[in-house]
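Asks: Everything below, folded, please.
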Amino acid sequence: MRILFVGDVFGSPGRRIVREHLGHLVETNSVDLIIVNAENAAGGFGVTPAIADELFDLGAHVLTTGNHVWDKKELIEYLQSVPEDSHARARRIIRPANYVAGTPGYGVYEGALPTGQEYAVINLQGRVFMHSSDDPFRVADALLKLIKAKVIFVDLHAEATAEKVALGWYLDGRVTAVIGTHTHVPTADERVLPGGTAYQTDVGMSGPYDSVIGVEKELVLARFLTGMPGKFEAARGDARLSAVLIECDGGTGRASAIQRIQLGE
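Replies: So this is what the prediction gives:
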């Protein structure tokens, strides 16, 4: 089984580069499961139901998010429009599972491919240098007791590299992959851990690299140089797709290979 995970789609340049490359990536690599982190897909801040539909139309099975999930308020009602056991598109957008109980939406999705292959996708958020949330380590423990699928993918949306590496080791042998998002900078540490879990600290951003992690350079530089507040806007130049391709055994969930991918226009 092959899983393609596309990292942090940022604004219209990110959507454009995903639209340009996703089809041939899936065909060339015989991809079975497509997961996309879409939390910045709407102008760099949040995702709307309409933009989620764009990504689903391109072939995504599940969309993950992170700390910007509530930036577009219309998504809240959309996530609440379906029950937990639904497989509709609104149910296949997940937010971090370790948010406070009662938060709109769900943090895990369990589905099956047309072949009958079952899978689960978990979204977690780190706590170091991030907004307050429940312990991702213990929330992961609780979720894994309930999930029946052998193939389990974890999107870990976190700031600190040490926290991501630690959770990778903690879940080694219990999930198929732990792939980091949020920092928008791809890391060169992809590997399969001893227990059979594919790991990368950050898959990187699919968006404009002529920027400061997606935002217009001048606006960010002004903030650093003056300390004055200002509105951030998504940059547009040098769009690249950052993704990771994982090969695993559908029967055991153990990963056997991981490949880092970055493609430009």
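Asks: the helices in the stretch 101-250 of the chain, which residues?
Replies: Along the stretch 101-250 of the chain, counting by DSSP state H, counting those that start in this stretch, helices occupy 136-144, 161-171, 217-226.
Asks: so how far is the biggest helix by length in the chain off the chain centroid?
Replies: Looking across the chain with DSSP state H, the single longest helix is helix 11-28. Between the centre of helix 11-28 and the centre of its host chain there is 15 Å, according to CA atoms, centre = their mean, to the nearest Å.
Asks: now swap in stretch 86-104 and tell me
Replies: Distance, centroid of stretch 86-104 to centroid of chain: 13 Å (CA atoms, centre = their mean).
Asks: Kindly report the same for stretch 67-79.
Replies: Here stretch 67-79 is found 16 Å from its chain centre; the criterion is CA atoms, centre = their mean.
Asks: If you average the pLDDT over it, what comes out?
Replies: The average pLDDT for stretch 67-79 rounds to 96.
Asks: Please renumber the chain so that the first residue is 26 from this point on.
Replies: Got it, first residue is 26 now, which makes that one stretch 92-104.
Asks: how about that stretch as CSV, C-alpha atoms only?
Replies: Taking only C-alpha atoms (Å, rounded to 0.1, in the frame of the first residue of the first chain), the coordinates of stretch 92-104 have been written out as CSV:
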residue,chain,number,x,y,z
ASN,A,92,-3.8,25.5,14.8
HIS,A,93,-5.4,27.6,12.0
VAL,A,94,-8.4,25.3,11.6
TRP,A,95,-10.9,27.9,13.0
ASP,A,96,-9.6,30.9,11.0
LYS,A,97,-12.5,30.5,8.5
LYS,A,98,-15.7,30.5,10.7
GLU,A,99,-17.8,28.8,8.0
LEU,A,100,-15.8,25.6,8.5
ILE,A,101,-17.1,25.2,12.1
GLU,A,102,-20.8,24.7,11.0
TYR,A,103,-19.6,22.5,8.1
LEU,A,104,-17.7,20.1,10.5
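Asks: Quick check: buried residues in it?
Replies: For stretch 92-104, the neighbour count (16 or more other CB atoms under 10 Å) marks 92, 93, 94, 95, 96, 97, 100, 103, 104 as buried. (C-beta placed from N, C-alpha, C; glycine too.)
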